[in-house]
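A.B. asks: quick one, what's the 3D model for this:
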Amino acid sequence: MTLKSRAIAFAFCTGAVAFILALLATARSGIESGDFGHSLIIAIVCGVMCWASAERAIAGYAEAVDDSIERLARAADGDLSTPTPSRVATVLPDLATSLDGLLSQVRTNFDRVHSLAMFDPVTQLPNRTHFRREAAELLDALAPADLAALFFIDLDKFKSVNDNFGHAQGDQLLVKVADRLRAVSESGERLGFCQPPLIARLAGDEFTMLVPRLGCAEEAERIGDALLDALSEPYELLGIEVDVGASIGVALRPDQGQSLHELMRAADIAMYHAKANGRARVQLFTPSLAARMADHLRLETELRQAIESEQLAFFFQPQMCVATGAVIGAEAVLRWRHPALGLLTPDRFLPHAEKSGLIHEIGYWAVEEIAAALGRWERLGLTTRIAVNVSARQMGRPDFFAQVRHALLHHRASADLLELEINESIAMRCDESAIAGLKRLREQGATVAIDDFGSGYSNLSRLQDMPIDRVKIAGTLIADLATSEQTRAVVQSVIALVHGLGFGVAAEGVESSAQRTILEVAGCDYLQGAAIAAAMTETDFHAWIGERSSGLRRA
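C.D. replies: As a prediction, the model looks like this:
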């Protein structure tokens with residue numbers, strides 16, 4: 001029932017009771033006809049008075065309810081801060097208290113949701129969504145010729161902090177980085193900010209700063225240097241000073257574009273160039289960087305097509321045993337038969353494969369190709385070992401050794417003629433699971449070699465404990481062997497050291513007969529390089545080794 005219907009019912013009931021009471025009160029010896037008239041008048045007066053009183057109360061409640069409805073309507077339109085009208089608090093205090101509590105809670109929840117949606121929870125800086133919105137508005141407000149700068153900032157060693165200190169300390173580092181960025185933005189007078197810059201954390205260890213209304217391009221360089229200086233100072237984590245550093249890319253408006261999308265793309269390209277050229281530096285975007293990036297993207301696309309269209313192939317460079325003169329193996333070296341550029345060596349395309357992630361596809365393809373070649377060579381009766389280089393990414397994959405064993409089984413090839421070559425620096429860093437995988441494969445007959453020995457820093461005790469058979473001296477040492485007495489002394493010492501550890505010694509990059517003679521005299525066990533034979537296709541290798549075997553038999 002409504003309040004009005006309740007008031008009408010109450011008035012009728014009051015009138016009826018008054019009528020009965022009045023009738024009983026006026027009746028002396030019996031009820032006469034006149035008594036009905038008097039009682040009815042009294043009943044009407046009482047009913048009207050009750051109605052009037054109830055109507056007045058209803059009107060007060062109704063006005064309070066109307067005010068409450070109006071307040072809720074304003075809240076629906078976004079007004080969550082205006083207090084509940086006083087008339088509601090007077091007439092309906094419980095309702096007023098409930099409304100105020102409800103709107104306060106809604107306001108708190110809204111602020112929390114807004115904060116989560118627009119601000120980074122770790123650094124309290126604007127997040128990517130907030131930055132894009134605010135930055136677009138700032139750029140739209142500029143005149144076409146106004147100068148602005150966008151700084152794209154990426155920390156250089158953040159992953160090592162997470163790995164060594166844990167993610168909680170990594171978050172603390174991000175907070176310290178944000179504080180330093182704020183400090184730079186607040187030094188407006190020194191750096192000449194016309195208006196406060198907009199700072200944001202985009203994701204992970206990536207930050208950005210938009211500085212609108214610069215006076216000249218030199219100001220952008222000065223701001224970049226200030227950012228680099230601030231972020232290059234050591235950070236204290238758990239009482240330890242940690243150097244992190246940052247690579248910063250800079251894009252200028254209007255030179256690199258008017259829109260935020262254009263500026264972010266240019267600044268991102270510049271930042272990656274800074275990271276690729278030594279890190280801890282500021283790099284302004286230039287058109288040559290864009291052209292270089294376009295070349296990289298084209299090369300990545302072509303490399304993906306090369307994998308699918310079988311343009312990649314292995315060439316084989318013979319390895320000779322010094323003691324017997326026999327060819328005991330061949331290193332499988334990767335080549336790309338590029339349709340336009342010709343035959344490309346790995347240094348021309350593998351770095352791009354590493355950056356793009358295509359190295360995993362190449363790695364899977366390489367394992368299958370080597371296993372297939374081993375199967376073919378065994379069926380031909382060849383006992384020549386195939387050595388193949390294993391990258392850090394392959395060693396880091398938990399399924400790598402299982403894939404090698406599966407490929408050997410699939411192509412009906414034994415592990416006896418397989419040799420895995422691991423770079424010296426990788427050997428010093430590989431974990432226990434990788435060492436266990438090498439041991440198991442070695443137990444099945446494969447051999448293991450350390451490649452590029454002498455190009456890095458080796459822990460000899462670790463080297464002695466690793467499951468290896470031979471060590472290959474780095475080609476950079478062999479290059480000066482014939483002309484540098486110091487290099488000859490170093491190489492001779494390395495050979496003696498490796499022999500002392502109980503391993504065989506191989507030398508790669510032997511390009512001249514003089515280098516070959518020196519290595520033979522120094523006691524090197526195996527030689528590889530142009531002085532023996534250049535890398536060749538599988539067919540040519542089989543023909544070459546056949547001719548060599550025939551020549552040795554005739555001799």
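
A.B. asks: state the pLDDT value of Asp225.
C.D. replies: Here, the pLDDT recorded for Asp225 equals 85.

A.B. asks: residue contacts, the residue lying closest to it once chain neighbours are set aside?
C.D. replies: Once flanking residues are discounted, Asp225 sits nearest to Val282: 6.3 Å by C-beta to C-beta, 6 or more residues apart in numbering. To be clear about C-beta, it is placed using only N, CA and C from the backbone, and glycine gets the same treatment. Applying C-beta atoms under 8 Å, 6 or more residues apart in numbering to Val282 gives the contacts 221, 224-225, 227-228, 248, 250, 274.

A.B. asks: any idea how far Val282 lies from Ser232?
C.D. replies: Between Val282 and Ser232 the computed distance is 11 Å (C-beta to C-beta, to the nearest Å).

A.B. asks: if Leu198 is in a bridge, with which residues?
C.D. replies: Beta-bridge partners for Leu198, by DSSP bridges, are Leu210.

A.B. asks: show the pLDDT at it.
C.D. replies: Leu198 is given a pLDDT of 86.

A.B. asks: same check, this time on Leu139
C.D. replies: pLDDT at Leu139 comes out at 84.

A.B. asks: can you point out the helix or strand that includes it?
C.D. replies: Using DSSP states H and E, Leu139 falls within helix 128-140.

A.B. asks: okay, the angle between whichever helix or strand comes after that helix and helix 128-140?
C.D. replies: The helix or strand immediately downstream of helix 128-140 is strand 147-155, counting by DSSP H and E. Put simply, strand 147-155 runs at 160 degrees to helix 128-140, going by axes from the mean of the first three to the mean of the last three C-alpha atoms, to 10 degrees.

A.B. asks: other SSEs contacting strand 147-155?
C.D. replies: Packing partners of strand 147-155 (3 or more C-beta pairs under 8 Å, 6 or more residues apart in numbering; DSSP states H and E): helix 128-140, strand 206-214, helix 217-232, strand 246-253, helix 260-276.

A.B. asks: average pLDDT across the longest one?
C.D. replies: It refers to helix 260-276. The pLDDT scores in helix 260-276 average 83.

A.B. asks: need the contact partners of it.
C.D. replies: Here helix 260-276 makes contact (C-beta under 8 Å, 6+ apart) with 132, 135-136, 139, 148, 150-154, 156, 208, 247-251, 253, 256-257, 281-286, 289-290, 292-293.

A.B. asks: buried ones in it?
C.D. replies: Buried residues in helix 260-276, counted by 16 or more other C-beta atoms under 10 Å: 260, 262-275.

A.B. asks: the inter-axis angle of that helix versus strand 147-155?
C.D. replies: Using the same axes, to 10 degrees: helix 260-276 against strand 147-155 is 50 degrees.

A.B. asks: next SSE downstream of helix 260-276?
C.D. replies: As assigned by DSSP H and E, the chain's next helix or strand after helix 260-276 is strand 282-284.

A.B. asks: quick check: the gap between Arg304 and Asn389.
C.D. replies: To Asn389, Arg304 is 22 Å away according to C-beta to C-beta.

A.B. asks: quick one: which of those two has more around it?
C.D. replies: Remark: of Arg304 and Asn389, Asn389 carries more neighbours, 19 against 14, as counted by other C-beta atoms under 10 Å.

A.B. asks: right, and the secondary structure at the closest residue to that one other than its chain neighbours would be what?
C.D. replies: Nearest non-adjacent residue to Asn389, counting by C-beta to C-beta, 6+ apart: Glu421, 4.7 Å away. At Glu421 the chain is in strand, as set by DSSP: H, G, I helix; E, B strand; the rest coil.

A.B. asks: cool, Glu70 as well?
C.D. replies: Using three-state DSSP, the structure places Glu70 in helix.

A.B. asks: hmm, Gly509 and Leu519 touching each other?
C.D. replies: No: using C-beta atoms under 8 Å, Leu519 makes no contact with Gly509, being 10.7 Å away.

A.B. asks: more neighbours: those two, which one.
C.D. replies: Neighbours per residue (other C-beta under 10 Å) separate Leu519 from Gly509, with Leu519 holding more: 27 against 19.

A.B. asks: that one is in what secondary structure piece?
C.D. replies: Leu519 belongs to helix 513-522, assigned by DSSP H and E.

A.B. asks: buried ones in that helix?
C.D. replies: 515-516, 518-519, 522.

A.B. asks: in this protein, which helix or strand is least confident?
C.D. replies: Every helix and strand of the chain was ranked by mean pLDDT, DSSP states H and E. The lowest is helix 188-191, at a mean of 62.

A.B. asks: center of this structure - which residue?
C.D. replies: The centroid of the chain falls nearest to Gly204 when counting by C-alpha atoms, centre = their mean (6.5 Å).

A.B. asks: re earlier: how far away is the residue nearest to Asp225 from Gln105?
C.D. replies: For Val282, the distance to Gln105 - C-beta to C-beta - is 48 Å.

A.B. asks: circling back to that earlier point, can you list residues touching both of Leu519 and Gly509?
C.D. replies: Counting by C-beta under 8 Å, 6+ apart, the common neighbours of Leu519 and Gly509 are Ile478.

A.B. asks: just the buried ones from the contacts of helix 260-276, in PyMOL syntax?
C.D. replies: Buried residues within those, by 16+ other C-beta under 10 Å, are selected in PyMOL with:
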select buried, resi 132+135+139+148+150+151+152+153+154+156+208+247+248+249+250+251+253+256+257+281+282+283+284+285+289+293
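
A.B. asks: what is the subsequent helix or strand relative to the lengthiest strand in the chain?
C.D. replies: When the chain is parsed with DSSP state E, its longest strand is strand 327-338. Note on strand 327-338: by DSSP H and E, the next helix or strand toward the C-terminus is strand 342-344.

A.B. asks: that following strand pairs with which strands, and in what direction?
C.D. replies: Checking strand 342-344 against DSSP bridges gives partners strand 327-338 (antiparallel).

A.B. asks: just the residues contacting the strand it pairs with, thanks.
C.D. replies: Taking C-beta under 8 Å, 6+ apart as the rule, strand 327-338 contacts 302-303, 306, 311-321, 343-346, 348-350, 362, 366, 370, 373, 384-389, 419, 421, 508, 526, 528, 535, 541, 545, 548.
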